[in-house]
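Asks: fold the following for me, if possible:
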Amino acid sequence: MDMFDNKETTGLENLGEFGLIGHLTKNIKLKHPGSLKGVGDDAAVLDFAGKKVLLSTDMLLEGIHFDLSYTPLKHLGYKAIQVNLSDICAMNGTPTQVTVSIGVSSKFPLEAIEELYDGIYIACEKYNVDLVGGDTTSSRQGLVISVSVLGYADEQDIAYRNTAQEGDLLCVSGDLGGAYVGLQLLEREKMIYLENPKIQPDLEGKDYIIERQLKPESRKDIVELLRAIGVKPTSMIDVSDGLASEILHICNQSNKGCNLYEEKIPIDPMTYDTAREFNLDPTICALSGGEDYELLFTVKQSDYDKLKNQPDISIIGHITEASAGRNLVSRTGNVHELKAQGWNAFKGE
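Replies: Sure, this is the predicted structure:
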């Protein structure tokens, strides 16, 4: 927390829980007509007027999901919102409200929590989401952030994981592996700094992959694009744990197989080159890295013409019958069983 060491800071004990909540939420203005009552009562009051309500929750723990030695608190607040919005986008829905709960230790002054909430509010503003509630409590284990997100969709628009059909095209937005390679870069610079604090981090020219790790963006724009071009995904999931893991989720829950083509996996040149610097295989970074928060989805073959010229969507394979297996077809044409080696929440891998 050195960013506040030389400044006049305010201890959280000076405000108390309700004073802290009042301080952090005093400037909230609700944007959605469905947000009838937000912060300030026993519960929020929401009106979704005939839509299907979508709900998701995610928790981020210091030392498990983030390292404050290289994660600015403003970025962390922003990311905490984005990773939750992504789950609503993965249902082909529109996120509208969030609640934010934090557990915080006495090592954090008020100014640190204000930084965190600045990032939260920037994300809410950018993605047109209302913050309507939450909780604050003391923590002895470092910083804990729990976010719940609400959204909506018409019943016929919701995209599940278990509805992919044989012959469907496998598609993904954006590019993959950048967040993982960005994390390797940050971890390397942290180790160098710990060995010699006089050496400044060498991150020049690596902005894109650093942002992929520290400041991810949920792909609400892809949901809106698909709607605009008249494409309803037959299944969808967000890429939080690595491409391989997410494809296997769709295949397992839909009881189908797949062919994924290595040469079709979108990888940014900076991700590719930096992975090579670390003696990492860029394809494995994309397959198993995680935290890209892109959307992986399947569509009917008849939608190919609507998608083929979309620069931010790649067609990377197709769905097969279950007995054909889940296959990765290498650049040289060799067929390998697709395996997930991504994040395991209970092994910390």
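
Asks: CA only for contacts and neighbour counts going forward, please
Replies: OK.

Asks: Ile237 and Met91 touch, don't they?
Replies: Yes - using CA atoms under 8 Å, Ile237 makes contact with Met91 at a distance of 7.1 Å.

Asks: anything in contact with each of the two?
Replies: Tyr160 (CA atoms under 8 Å, 6 or more residues apart in numbering).

Asks: can you list the low-confidence ranges for the stretch 1-150 of the chain?
Replies: Scanning the stretch 1-150 of the chain with the threshold set as pLDDT under 70 gives 1-7, 10-30, 32-44, 46.

Asks: swap in the stretch 201-349 of the chain?
Replies: Looking at the stretch 201-349 of the chain by pLDDT under 70, you get 342-349.

Asks: residues touching Ala90, list them.
Replies: Contacts of Ala90 by CA under 8 Å, 6+ apart are Ala159, Met236, Ile237, Asp238, Leu295.

Asks: quick one: the strands in the stretch 51-200 of the chain, in order.
Replies: 52-61, 94-104, 130-138, 144-153, 169-173 (DSSP state E, counting those that start in this stretch).

Asks: what do you get for the stretch 201-349 of the chain?
Replies: Using DSSP E, counting those that start in this stretch, strands in the stretch 201-349 of the chain cover 235-238, 256-261, 295-299, 313-321, 326-329, 335-337.

Asks: now render those strands as CSV, adding mean neighbour count and distance to Arg227.
Replies: As requested, those are exported to CSV (neighbours: other CA atoms under 10 Å; distance: least, CA to CA, whole Å):
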stretch, mean neighbour count, distance to Arg227
strand 235-238, 27, 14
strand 256-261, 23, 25
strand 295-299, 27, 13
strand 313-321, 21, 14
strand 326-329, 21, 29
strand 335-337, 13, 34
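
Asks: now for these, which one comes closest to Asp175?
Replies: strand 313-321 (8.6 Å; CA to CA).

Asks: which strands or helices does the closest one pack on?
Replies: strand 169-173, strand 256-261 (3 or more CA pairs under 8 Å, 6 or more residues apart in numbering; DSSP states H and E).

Asks: which one among the contacts of Ala90 gets closest to Val147?
Replies: For those, the nearest to Val147 is Asp238 (16.9 Å; CA to CA).

Asks: quick one: contacts for that closest one?
Replies: Counting by CA under 8 Å, 6+ apart, Asp238 has contacts Ser86, Asp87, Cys89, Ala90, Glu246, Tyr293, Glu294, Leu295, Leu296.

Asks: and the furthest pair within those residues?
Replies: Cys89 and Glu246 (14.7 Å).

Asks: higher neighbour count, the two?
Replies: Shown here are Cys89 and Glu246; by other CA atoms under 10 Å, Cys89 has more neighbours (29 against 25).

Asks: winner for burial among the strands of the stretch 51-200 of the chain?
Replies: strand 169-173 (a mean of 24; mean count of other CA atoms under 10 Å).

Asks: tell me the mean pLDDT for that one?
Replies: What strand 169-173 shows for mean pLDDT is 98.

Asks: paired strands for it, with orientation please.
Replies: strand 295-299 (antiparallel), strand 313-321 (antiparallel) (DSSP bridges).

Asks: send the alpha carbons of that strand over as CSV?
Replies: The C-alpha atoms that make up strand 169-173 are tabulated as CSV, following Å, rounded to 0.1, in the frame of the first residue of the first chain:
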residue,chain,number,x,y,z
LEU,A,169,-19.8,-23.4,-36.2
LEU,A,170,-17.5,-22.6,-33.2
CYS,A,171,-16.8,-18.9,-32.9
VAL,A,172,-14.9,-16.6,-30.5
SER,A,173,-14.6,-12.8,-30.2
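
Asks: ok, and what's touching it?
Replies: 222, 260, 294-301, 304, 312-319.
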